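Student: Quick one: sequence and predicted model below, then my questions.
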Amino acid sequence: MSAIVASGLTEFLGNAIEPQVQVDAVGQGAIFALMAVGIGLVFGVLRLVNFAYGQLVMAGAFALALASEWDWPVWAGIVLCFAVVLVLSIAMERLVFRPLRTQSPAVMLVATFAVAFLLQSIALLWFGSLGKTAASLAYLNRPVTVADVDIRKITIVAIVVAVISLAALVTLLTRTTVGLQMRAAAMDFRTARLLGVRANRVIGAAVLASGVLAAIVAVMLTVQSPLVTPNYALRETIVVLAGVVLGGMNRLGSATLGGFAIGYGSGLLGGALPTAQSQYLTSLLFGLVILVLLIRPAGLFTRGPLPVERV
Amino acid sequence: MSAEPVLKLDGLGVRYGPVSAVRGLSLEVGAGEIVGLIGPNGAGKSTTLHAIMGAIPSETGDIRHAGVSIRGRDPDAVARAGIALVPEGRRIFGELTVEENLRLGLAGRRTRSGADAALASVYELFPIVHEFRSRHAGALSGGQQQQLAIGRALAAEPDLLLLDEPSLGLAPKIVDVVFDALAEIRRRGITVLLVEQRAQRTVAFADRTYVLASGELRLTLAPADAGDTDSMVAAYLS
């Protein structure tokens, strides 16, 4: 028995250090980090875990699939994807988040569940359970050889886009008035409002930025998984939510690192586990999340005690 | 200058569930005045300030700013109407720099122009804030944070400044700094409603001081009454 475990572990470790697996894992981590930032931005100002975030990605992916079906040029498909996701983000904020903003976190969480399943059901009615294929960016799955390692173009694109997006977000948060107000609102919204910070403006900006990131994620995920179904990005959202909690929800930086870590871990396990054991990936991933949270309940990348007390 | 008082509370009532925190409170603060609001713990002083800011809903009465009712407005709208609050405990953003804290105060300004001049005016009043403008606000001492909190409120160039126990927890020497700053704020013509626990000093300093107990107005004192501790104690215990 121990010999089998040792042999499996040796194979896993051998695979894990392969440059190919490492690069793919970093690419996966980059996409998940962007999702984590999107979720973390809204959580920062609203203290709301937006479970419907995955459905924004799904809607963007369907927009890309439709554009592909209609033989639209790639740029037009991407514009449609952004338009759909941003309109849905604004509608979600105006119709659900804003009216319920003063309600308890539990009410808002349930509301996001309702929105998630509503959007999923609409997608099911419009596109059916078999879904549609977004194939216009499929060429990004072709590999390029860098230093004897075959790297899919989408992996390079994902890493570059994630770095640029995060840099743009940092610039927004640190160099603009609305960014400063978003940071203040995330720390103490009540005091920020007493200073004259417009709640609707700050929340609207966070929701929009979060939507932009969801659209970017939709573009990159459709390259990796072109078949778009109504439950598209649902698993990724759950994994990223776990990553955000893993990193520490109260700070955007730690949430981002958590998203990257779980994406990287997921990519590493997916690439390094022997094919026969790949069905254990999700169980293994969430087992690790539970283990980390048992050791560091406030999050892997935070300092200090938990900010919330419960009895 | 408008003939209307800068602030007029008319029969203000605030409840926390079954508990009545402020009952039928009526008072006025005229342009350029410093008005004190003193009373024992739980008298309703801070509640009154938060009700003015719209952070707590008022149950009865009216709150008028320069003749216009602001009752029921959101806190950010009240701030942008020209009322700034220096909250109890300072409530500065410790992870932001001193300058970023001040820039947040600009959100309450009513005009887009003149932001740099407003900051320069704050720096002139509080040189220590200027000196430490690049530091994280959380690294400042309590007295420095209090100066920052007052400066942040002044950055909005309000016509009414509400201060909630600005001397709380400060060393006597720093309390002098705060009161000196208030004297300068008075010279600049800014109207102030000052909630304080230091009763005698407040009565002596303000143009007029209201004594609040159990949510009701009990006494109005002039600076000359600062030595009349018997009346103050009677009002506190009533």
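Tutor: Received, thanks.
Student: Let me see the residues that make contact with the one helix or strand residue B:201 maps to.
Tutor: Using DSSP states H and E, residue B:201 sits in helix B:199-205. By Cβ atoms under 8 Å, 6 or more residues apart in numbering or on different chains, the surrounding residues in contact with helix B:199-205 are B:34, B:36, B:38, B:179, B:182-183, B:194, B:196, B:209, B:221-223, B:225-227, B:229, B:232, B:236. Bear in mind the C-beta positions are built from the backbone N, C-alpha and C, glycine included.
Student: Would you mind naming what in the stretch 51-200 of chain A lies close to chain B?
Tutor: A:177, A:180-181, A:183-184, A:187-188, A:190-199 (Cβ under 8 Å from any Cβ of the partner chain).
Student: Of the residues you listed, grab the buried ones for ChimeraX.
Tutor: Buried residues among those (16 or more other Cβ atoms under 10 Å in any protein chain shown), as a ChimeraX selection:
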select /A:180,181,183,184,187,191,192,193,194,195,196,197,198,199
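Student: Next step: the residues of the stretch 51-200 of chain A next to chain B restricted to helices.
Tutor: A:177, A:180-181, A:183-184, A:187-188, A:190-194, A:199 (DSSP state H).
Student: Where does the stretch 101-250 of chain A get nearest to chain B, which residue?
Tutor: Closest approach between the stretch 101-250 of chain A and chain B, counting by Cβ to the nearest Cβ: residue A:196, at 3.1 Å.
Student: Now do the contacts for that residue.
Tutor: When contacts are counted by Cβ under 8 Å, 6+ apart, residue A:196 touches B:76, B:79-80, B:105, B:107-109, B:156.
Student: contacts with chain A among these, please.
Tutor: B:76, B:79-80, B:105, B:107-109, B:156.
Student: Next step: those residues restricted to helices.
Tutor: B:76, B:79-80, B:105.
Student: In chain B, what helix or strand scores lowest on average pLDDT?
Tutor: helix B:229-237 (a mean of 78; mean pLDDT, DSSP states H and E).
Student: So which bits of it are buried?
Tutor: B:232, B:235-236.
Student: what's the closest of those to chain A?
Tutor: residue B:236 (28.4 Å).
Student: gap between the nearest residue to that closest one once chain neighbours are set aside and chain A?
Tutor: Nearest residue to residue B:236 in three dimensions, chain neighbours excluded: residue B:40, at 5.1 Å (Cβ to Cβ, 6 or more residues apart in numbering or on different chains). Plainly put, residue B:40 is 25 Å away from chain A if you go by Cβ to the nearest Cβ, to the nearest Å.
Student: Phi and psi next, for residue B:40.
Tutor: phi -70, psi 170 (degrees, to the nearest 10).
Student: where's it relative to residue B:214, distance?
Tutor: Residue B:40 sits 9 Å away from residue B:214, going by Cβ to Cβ, to the nearest Å.
Student: same check, this time on residue B:27
Tutor: Distance from residue B:27 to residue B:214, by Cβ to Cβ: 16 Å.
Student: again with residue B:125
Tutor: On the measure of Cβ to Cβ, residue B:125 and residue B:214 end up 36 Å apart.
Student: quick one, which of the two is more surrounded?
Tutor: residue B:125 (18 against 15; other Cβ atoms under 10 Å in any protein chain shown).
Student: In this structure that one contacts residue B:152, no?
Tutor: No: contact criterion Cβ atoms under 8 Å: residue B:125 and residue B:152 do not qualify, at 11.8 Å.
Student: what ranges of chain A fall below the confidence cut-off?
Tutor: A:1, A:4-5, A:8, A:275-276, A:302-311 (pLDDT under 70).
Student: Return the residues in contact with the residue lying closest to residue B:76 once chain neighbours are set aside.
Tutor: Of all residues not flanking residue B:76 in the chain, residue A:193 sits nearest, at 4.7 Å (Cβ to Cβ, 6+ apart). For residue A:193, the contact set (Cβ under 8 Å, 6+ apart) comprises A:199, B:55, B:74-76, B:79.
Student: And those, which is closest to residue A:286?
Tutor: residue A:199 (35.6 Å; Cβ to Cβ).
Student: Which stretches in chain B count as strands?
Tutor: Listed in chain order, the strands of chain B (DSSP state E) span B:7-16, B:19-29, B:34-38, B:60-65, B:68-69, B:83-86, B:160-164, B:191-195, B:208-213, B:216-221.
Student: quick one: strands adjacent to the second one?
Tutor: Spelled out, it's strand B:19-29. Strands adjacent to strand B:19-29 in the sheet, as given by DSSP bridges, are strand B:7-16 (antiparallel).
Student: Can you get me the start-to-end distance on stretch B:15-33?
Tutor: 28 Å (Cα to Cα, to the nearest Å).
Student: can I assume residue B:48 is in contact with residue B:210?
Tutor: No: between residue B:48 and residue B:210 there is no contact under Cβ under 8 Å: 9.5 Å.
Student: Of those two, which one has the most company?
Tutor: residue B:48 (29 against 25).
Student: just the strands in chain A please.
Tutor: Remark: strands assigned in chain A by DSSP E are A:132-133, A:143-146, A:149-152, A:227-228.
Student: Dump those into JSON lines; add mean neighbour count as well.
Tutor: Shown next, in JSON lines, are the strands of chain A (neighbours: other Cβ atoms under 10 Å in any protein chain shown):
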{"stretch": "strand A:132-133", "mean neighbour count": "18"}
{"stretch": "strand A:143-146", "mean neighbour count": "11"}
{"stretch": "strand A:149-152", "mean neighbour count": "16"}
{"stretch": "strand A:227-228", "mean neighbour count": "21"}
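Student: what's the longest helix along chain A packed up against?
Tutor: When chain A is parsed with DSSP H, its longest helix is helix A:19-46. On a contact count with 3 or more Cβ pairs under 8 Å, 6 or more residues apart in numbering or on different chains; DSSP states H and E, helix A:19-46 meets helix A:53-69, strand A:149-152, helix A:153-175, helix A:177-194, helix A:199-224, helix A:234-247, helix A:252-272.
Student: The fifth one relative to helix A:19-46, how many degrees between them?
Tutor: Using axes from the mean of the first three to the mean of the last three Cα atoms, to 10 degrees, the interaxial angle of helix A:199-224 with respect to helix A:19-46 works out to 160 degrees.
Student: For helix A:199-224, buried residues please.
Tutor: Buried residues in helix A:199-224, counted by 16+ other Cβ under 10 Å: A:199, A:201-207, A:209-224.
Student: I'd like the C-alpha coordinates of the longest helix along chain B written as PDB, please.
Tutor: Secondary structure of chain B per DSSP H: the longest helix is helix B:172-187. The C-alpha atoms that make up helix B:172-187 are tabulated as PDB, following Å, rounded to 0.1, in the frame of the first residue of the first chain:
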ATOM      1  CA  PRO B 172      -4.200  68.300  28.600                       C
ATOM      2  CA  LYS B 173      -1.500  69.900  26.400                       C
ATOM      3  CA  ILE B 174      -3.100  68.500  23.200                       C
ATOM      4  CA  VAL B 175      -6.500  69.600  24.400                       C
ATOM      5  CA  ASP B 176      -5.100  73.200  24.400                       C
ATOM      6  CA  VAL B 177      -3.900  72.700  20.800                       C
ATOM      7  CA  VAL B 178      -7.500  71.600  19.800                       C
ATOM      8  CA  PHE B 179      -9.100  74.600  21.600                       C
ATOM      9  CA  ASP B 180      -6.600  76.900  20.000                       C
ATOM     10  CA  ALA B 181      -7.500  75.500  16.600                       C
ATOM     11  CA  LEU B 182     -11.200  76.100  17.400                       C
ATOM     12  CA  ALA B 183     -10.400  79.700  18.300                       C
ATOM     13  CA  GLU B 184      -8.700  80.000  14.800                       C
ATOM     14  CA  ILE B 185     -11.700  78.400  13.200                       C
ATOM     15  CA  ARG B 186     -13.900  80.900  14.900                       C
ATOM     16  CA  ARG B 187     -11.700  83.700  13.500                       C
END
